[in-house]
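Asker: Need coordinates for the following:
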Amino acid sequence: MRFTSKFWLKFSLINLLIVALLGLLMRYKIGFEFPFLDQKNLQHSHSHFAFAGWISHTLMVLMVWFLEKRAKKKEQKINRLFSYNMLLTSNLICAYGMLIFFIFQGYAAMSIIFSTASILVAYVFGYQYWKDLKMVDQTLFSVNWFKAAVFFNIISSLGTFALAYMMITKNIHQKEYLASIYYYLHFQYNGWFFFACMGLLADFFDLKTSDHPFYKKSFWLFFIACIPAYFLSTLWLDLPLWIYILTLIAAFFQVYAWSVFLIVLLKTKKTILKNYPFFLRYIIVFIAVACSVKLLLQLGSTIPALSKLAFGFRPIVIAYLHLVLLAIISLFLLFYVFANHFFFIQKPIKFGIILFSIGVFLNEMILAVQGVTSFSYTIIPFVNELLFSAAVVLVLGIGITTFYSVKKS
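Answerer: From the prediction side, this is the model:
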């Protein structure tokens, strides 16, 4: 079976719809009466499936498509791409296994087996992909980003192994437990997801390291900063002063690298976007603004008083996680898929993507307002109903997009 990107990307869109439906169900349980299914189990299913079934699956497909497109020798491309079909199939089996068993069992034998298997699939994919990157021109700016992405994906698993050890030994301490969770999340969100998306962005604009001297510098600033930036998630711990200073420098490096990278990109590649429809240009601007806000928030969180407030209120944490997952990563992947014409863009698809982006904006705005007002312990009337309404918009948006993308024209 030959590798067919469009075939695998249909699963991506269907999986994103499932993620949105799970989010809608959780919002319904919070705002209205629905005694069936455990909320915590739904949350685990929602997050694990979003990571494995939607984002990781889509990144793998698009990264393999990059190999297929950029391979210097056709025979290399044909011979090596077969194994990725098996890896993607295995990853989807693991994702659907986690989707089902986390809902009905929570953290139990079967859900742990599937989540462990998904880590092993990530290891094999990382090893295979690192080797296969030799097939492409090494001056392409995407290459380093993709290598870093698979590296961070692999080391993120150390957080899950630490959690597993604590559960097996029944020696769970709250601080170590949270630190392990944030370790995994950081190197997934800010490592695997972000670096892979930057690799795709570099491919979209056809960037080479020789195009501008700052390109290579921006990569190394982000790569070096990513490791100490983990401590941005643990500022609530009693960290030594030298780690705090290192964390502050990492946050500044990221803001600086992103700002200059954007300026250079706008100066040199702005005309490329003029060839794309308005709704895609609007989406990429939305993503750039969201990413800028995210990096500035990280820098702001280094102020001790703000850090204590942020980590002390759950709506703030949820708002930040969804800012990264929805407003940056998910919207970028949708942008990349449709900008590269994997699916014919019909009017309903345009409407669906715009509606989805509106749902993302509403969700973030409501969570942000809820988070800010929680500082003064002010309760927003009908906030759960408002969040449920935003979830409905998200489901409708991605539902319309998926239906018209997957169905035969």
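
Asker: Output the contacting helices and strands for the host helix or strand of Ile168.
Answerer: If you go by DSSP states H and E, Ile168 is part of helix 142-169. Helices and strands touching helix 142-169, by 3 or more CB pairs under 8 Å, 6 or more residues apart in numbering; DSSP states H and E, are helix 57-70, helix 109-132, helix 174-186, helix 194-204, helix 213-226. Bear in mind the C-beta positions are built from the backbone N, C-alpha and C, glycine included.

Asker: Next, the buried residues of it.
Answerer: Neighbour-count burial for helix 142-169, counted by 16 or more other CB atoms under 10 Å, picks out 142-154, 156-157, 159-160, 162-163.

Asker: hang on, the earlier thing: what's the closest of the helices and strands packed on helix 142-169 to Leu321?
Answerer: The closest of the helices and strands packed on helix 142-169 to Leu321 is helix 174-186. By CB to CB, the value is 7.4 Å.

Asker: export that closest one as CSV, just CAs?
Answerer: Extracted C-alpha coordinates of helix 174-186, given in CSV (Å, rounded to 0.1, in the frame of the first residue of the first chain):
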residue,chain,number,x,y,z
GLN,A,174,1.5,16.2,45.1
LYS,A,175,4.4,18.4,44.0
GLU,A,176,6.3,15.6,42.2
TYR,A,177,3.0,14.4,40.6
LEU,A,178,2.2,17.8,39.2
ALA,A,179,5.8,18.4,38.1
SER,A,180,5.8,15.2,36.1
ILE,A,181,2.5,16.1,34.4
TYR,A,182,3.8,19.6,33.5
TYR,A,183,7.1,18.0,32.3
TYR,A,184,5.1,15.9,29.8
LEU,A,185,2.8,18.7,28.8
HIS,A,186,5.7,21.2,28.3
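
Asker: So what touches that helix?
Answerer: Helix 174-186 is contacted from outside by 156-160, 162-163, 166, 229-230, 232-234, 237, 321, using CB atoms under 8 Å, 6 or more residues apart in numbering.

Asker: okay, among these, which ones form the most distant pair?
Answerer: Every pair of those checked by CB to CB; the farthest is Met166 and Ala229, at 23.8 Å.

Asker: where's the helix holding Ile168 relative to the chain centroid, distance-wise?
Answerer: In terms of CA atoms, centre = their mean, to the nearest Å, the centre of helix 142-169 is set 14 Å apart from its chain centre.

Asker: Tell me how far Gln128 lies from Met86.
Answerer: 10 Å (CB to CB, to the nearest Å).

Asker: give me the number of residues near Ile249?
Answerer: Ile249 has 15 neighbouring residues, counting by other CB atoms under 10 Å.

Asker: which residues sit against stretch 40-49?
Answerer: Stretch 40-49 is touched from outside by 15, 18-19, 22-23, 25-26, 29, 95-96, 98-100, 102-107, 111, 115, with contacts defined as CB under 8 Å, 6+ apart.

Asker: Now with 6 Å, please.
Answerer: Around stretch 40-49, the neighbours that count as contacts under CB atoms under 6 Å, 6 or more residues apart in numbering are Leu22, Met26, Ala95, Met98, Leu99, Phe102, Ile103, Gly106.

Asker: Buried residues, it. List them.
Answerer: By 16+ other CB under 10 Å, the buried positions in stretch 40-49 come out as Asn41, Leu42, His44, Ser45, His46, Ser47, His48, Phe49.

Asker: and which of those is nearest Trp242?
Answerer: Closest approach to Trp242 among the buried residues of stretch 40-49 (CB to CB): Ser47, at 33.1 Å.

Asker: what about the helix or strand in which that closest one is found, distance to the chain center?
Answerer: Using DSSP H and E, Ser47 sits within helix 39-49. When distances are taken as CA atoms, centre = their mean, helix 39-49 is centred 16 Å away from the chain's centroid.
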